[in-house]
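Visitor: Starting from these lines, generate the structure:
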Amino acid sequence: MANDGKSQLETRRVEILSTQYQLTALTSDAQQLLTQHTVQDSSTNRSYRRGQILFLQWASDNNISDNKFSPIDLINFLSAMKSTHNYAVTTLQLFRSAVSQLHQNSSSFRDDPLLNKFIATLTARAPPIRLHRQTIDLQPTFHYLSSLDNTSTSLTSRQGKLAFLLGVACFFRPSDLQRIPLDSVRVVEDSIISHLKDDLVVTVLALSISLFSHFSTTRVSPDLAFLCLEVHCPKEKRQGCRIIKSFKVRAHTNSITLCPLQTFLVYAQRRPVCSSLSLFVNSISPDRPLQASTIQGWISRLLRRSTSEPRVSLRSIASSLALASGIPKDDVVTMGNWSNSSTFENHYRREHLSQFDFTSTLITLD
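Guide: This is a model prediction of the structure:
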């Protein structure tokens, strides 16, 4: 697609999204609020953009209305994307949501029986999904991080190390790490935190000890017990409302080189003076915004020291290691901020094989 064509399609896309509420009896203030929701620079809207652009091009080529199309038109578009590009079902489902947003009555597509049957048919014909994936041993990465000299490594390496350790201890996504305000991060003494009755504190403490053990005998001062921080506006919401999620990460009791708190203290001393209000900054131009994809790059490079599996999620690996270490599943679900255990089981849990000895228990002569 030529650049001029892309520009025209993008202009039309924004125009449709910006004007779809103007034909109603809504006040101008109400229209503006609804329009901002569909055109704001959010992760959901960014993920919708490609499907919307592809549909506008397809609609133009096939003389189809780009904002008054029918469910059959949408089915034909998805079928064309499947046959032409062989997109996965999950991608086509994303396209369905994205394209529906362009319609003047997007809610009418949610329960259309033919459209739902088409998606269900694609899902049933898709290649089988492997449920069980081997738990990844992070020791090679931990050994590498332990060997880093916090005082002499580059800004990128220091940030990557801190991001990785926090990602493991708190099941953070790259976007979560991106949304940690610097002024929310503080060190709290053990004498203060001991008076708090917070299940999340217990969970993080257990995770920190279980996942970062056996790498050093140097002890961290017990006076610096917890690293407290917040994630503002994570992906999860509560009843549609944005949230602020608080975390307390215990200083590692056995390893100073793998201690998230100690790593933060070293990083904070050398963090560039800049206008950024976030914990992590752009390593090349600290005053410029840091993208979540950059943090993902830091984590992916460290993960490659432990696995060659492509597109692995540190959030998934850490949660599976927590289960293998004896952390109760309820605590893992709470720590990961999942809405329910089925979400964790379906999307993040890697280990789906029972470790119980069914053979000796069930096959007997007694």
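Visitor: Return the per-residue confidence for residue 50.
Guide: Residue 50 carries a pLDDT score of 94 in this model.
Visitor: ok, so what distance separates it from residue 297?
Guide: Distance of residue 50 to residue 297, given as Cβ to Cβ, to the nearest Å: 21 Å. (C-beta placed from N, C-alpha, C; glycine too.)
Visitor: next one: residue 135
Guide: Distance of residue 135 to residue 297, given as Cβ to Cβ: 24 Å.
Visitor: next one: residue 160
Guide: 9 Å.
Visitor: Of those two, give the one with the bigger neighbour count.
Guide: Shown here are residue 160 and residue 297; by other Cβ atoms under 10 Å, residue 160 has more neighbours (24 against 14).
Visitor: was I right about the more buried one contacting residue 300?
Guide: No - the criterion here is Cβ atoms under 8 Å, and residue 160 misses it with residue 300 at 9.9 Å.
Visitor: any chance you could map the strands in the protein?
Guide: Assigned by DSSP state E, the chain shows strands spanning 186-188, 226-232, 244-250.
Visitor: Can you tell me which of these is most buried?
Guide: strand 226-232 (a mean of 21; mean count of other Cβ atoms under 10 Å).
Visitor: now that strand against strand 244-250, angle please.
Guide: Note on geometry: by axes from the mean of the first three to the mean of the last three Cα atoms, to 10 degrees, strand 226-232 and strand 244-250 are set 160 degrees apart in direction.
Visitor: For strand 226-232, enumerate the helices and strands it packs against.
Guide: When contacts are defined as 3 or more Cβ pairs under 8 Å, 6 or more residues apart in numbering; DSSP states H and E, strand 226-232 sits against strand 186-188, strand 244-250, helix 260-270.
Visitor: Compute the inter-axis angle for it and helix 260-270.
Guide: Going by the same axes, to 10 degrees, strand 226-232 makes 70 degrees with helix 260-270.
Visitor: Just checking the distance from strand 226-232 to the centre of its chain.
Guide: Distance of strand 226-232 from its chain centroid, counting by Cα atoms, centre = their mean, to the nearest Å, is 17 Å.
Visitor: That strand: partners in the sheet, and parallel or antiparallel?
Guide: Strand pairing for strand 226-232, determined by DSSP bridges: strand 186-188 (antiparallel), strand 244-250 (antiparallel).
Visitor: tell me the mean pLDDT for that strand?
Guide: What strand 226-232 shows for mean pLDDT is 93.
Visitor: now swap in stretch 277-293 and tell me
Guide: Stretch 277-293 shows a mean pLDDT of 95.
Visitor: End to end on it, go ahead and measure it.
Guide: One end of stretch 277-293 to the other measures 18 Å (Cα to Cα, to the nearest Å).
Visitor: And for stretch 316-332?
Guide: Start-to-end span of stretch 316-332 (Cα to Cα) is 11 Å.
Visitor: residues of it that come out buried?
Guide: Of all the residues in stretch 316-332, those buried under the rule 16 or more other Cβ atoms under 10 Å are 316, 317, 318, 319, 320, 321, 322, 323, 327, 331, 332.
Visitor: Dump those to JSON lines, plus pLDDT and distance to residue 94.
Guide: Shown next, in JSON lines, are the buried residues of stretch 316-332 (pLDDT from 0 to 100; distance: Cβ to Cβ, whole Å):
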{"residue": "316", "pLDDT": "86", "distance to residue 94": "20"}
{"residue": "317", "pLDDT": "89", "distance to residue 94": "24"}
{"residue": "318", "pLDDT": "88", "distance to residue 94": "26"}
{"residue": "319", "pLDDT": "85", "distance to residue 94": "24"}
{"residue": "320", "pLDDT": "83", "distance to residue 94": "26"}
{"residue": "321", "pLDDT": "85", "distance to residue 94": "29"}
{"residue": "322", "pLDDT": "83", "distance to residue 94": "29"}
{"residue": "323", "pLDDT": "80", "distance to residue 94": "29"}
{"residue": "327", "pLDDT": "80", "distance to residue 94": "32"}
{"residue": "331", "pLDDT": "80", "distance to residue 94": "32"}
{"residue": "332", "pLDDT": "79", "distance to residue 94": "27"}
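Visitor: Tabulate the residues you listed in CSV, adding columns for distance to residue 41.
Guide: Compiled in CSV, those are given as follows (distance: Cβ to Cβ, whole Å):
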residue, distance to residue 41
316, 27
317, 30
318, 29
319, 29
320, 33
321, 34
322, 33
323, 36
327, 36
331, 35
332, 32
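Visitor: that older thread, let me know which of the strands of the chain is the nearest to residue 276.
Guide: Smallest distance to residue 276 across these (Cβ to Cβ): 14.1 Å, for strand 226-232.
Visitor: just so I have it, where are all the helices in the stretch 1-150 of the chain?
Guide: Here the stretch 1-150 of the chain has its helices, by DSSP state H, counting those that start in this stretch, at 3-19, 28-39, 43-61, 71-85, 89-100, 113-125, 139-147.
Visitor: Distance-wise, check the residue lying closest to residue 92 once chain neighbours are set aside relative to residue 19.
Guide: For residue 92, ignoring the flanking residues on the chain, the nearest one in space by Cβ to Cβ, 6 or more residues apart in numbering is residue 78 at 5.1 Å. The gap separating residue 78 from residue 19 is 25 Å, by Cβ to Cβ.
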